[in-house]
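Novice: Turn this into a structure:
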Amino acid sequence: MRSGWRHRARPTLLLAVSACVGSGAVAGEAPTLWSAAEVRWGDLPGVPGARQALLWGDPERSDHGTLDRWPAGASIPARVAPHDIHIVVFTGTLTIEIDGEEAGQFGPGSFVRIPEGARYAPGCEAAGECNFVKHVPGPETAAGD
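Specialist: Residues are numbered from 1 along each chain as shown. Below you'll find the predicted structure:
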């Protein structure tokens with residue numbers, strides 16, 4: 001059994017995604033309903049070949065959620081989490097190293113919470129593309145990051 005940040009929560013995929021998406025809802029707002037063809041993808045700087053779609057919020061100023069698509073074998077250098085980061089994996093196997101220790105491999109249906117202040121390095125296994133939803137309850141970068 002894992003403890004602390006290593007504990008792997010096992011919520012259902014629907015519950016985890018609902019919790020992430022529900023965080024940006026405001027009473028009285030019209031729903032956002034995008035088909036797959038309507039989702040606006042852009043290149044993700046710092047991860048060659050990766051694409052990202054902003055689902056809600058503003059990564060530079062506030063709470064936000066993204067849909068990420070990383071190519072097989074992609075990784076980024078370690079960085080410090082400016083806020084708790086919540087990830088739900090749909091396809092592929094996401095790898096996470098936290099505070100210099102390998103936290104594990106997380107396949108479809110997995111939920112990962114990276115605590116604020118932790119130094120982490122995510123990657124995607126070489127076996128296939130990784131698709132995941134990421135929620136950050138504040139700006140993506142902290143002062144001095």
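Novice: Enumerate every residue touching residue 51.
Specialist: Listed by Cβ atoms under 8 Å, 6 or more residues apart in numbering, the contact partners of residue 51 are 41-44, 68-69. All C-beta spots, glycine's among them, are computed from the backbone N, C-alpha and C.
Novice: could you dump those residues to a markdown table with distance to residue 133 and neighbour count?
Specialist: Output for the contacts of residue 51, formatted as a markdown table (distance: Cβ to Cβ, whole Å; neighbours: other Cβ atoms under 10 Å):
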| residue | distance to residue 133 | neighbour count |
| --- | --- | --- |
| 41 | 14 | 12 |
| 42 | 16 | 9 |
| 43 | 18 | 11 |
| 44 | 14 | 18 |
| 68 | 8 | 23 |
| 69 | 11 | 21 |
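Novice: which residue is nearest the middle of this structure?
Specialist: Note on the chain: the residue nearest the mean C-alpha position is residue 134, at 2.5 Å, using Cα atoms, centre = their mean.
Novice: Might one say that that residue is in contact with residue 66?
Specialist: Yes: if you go by Cβ atoms under 8 Å, residue 134 and residue 66 touch, sitting 5.0 Å apart.
Novice: show me where pLDDT drops low in the protein?
Specialist: By pLDDT under 70, the weakly predicted segments of the chain are 1-26, 142-145.
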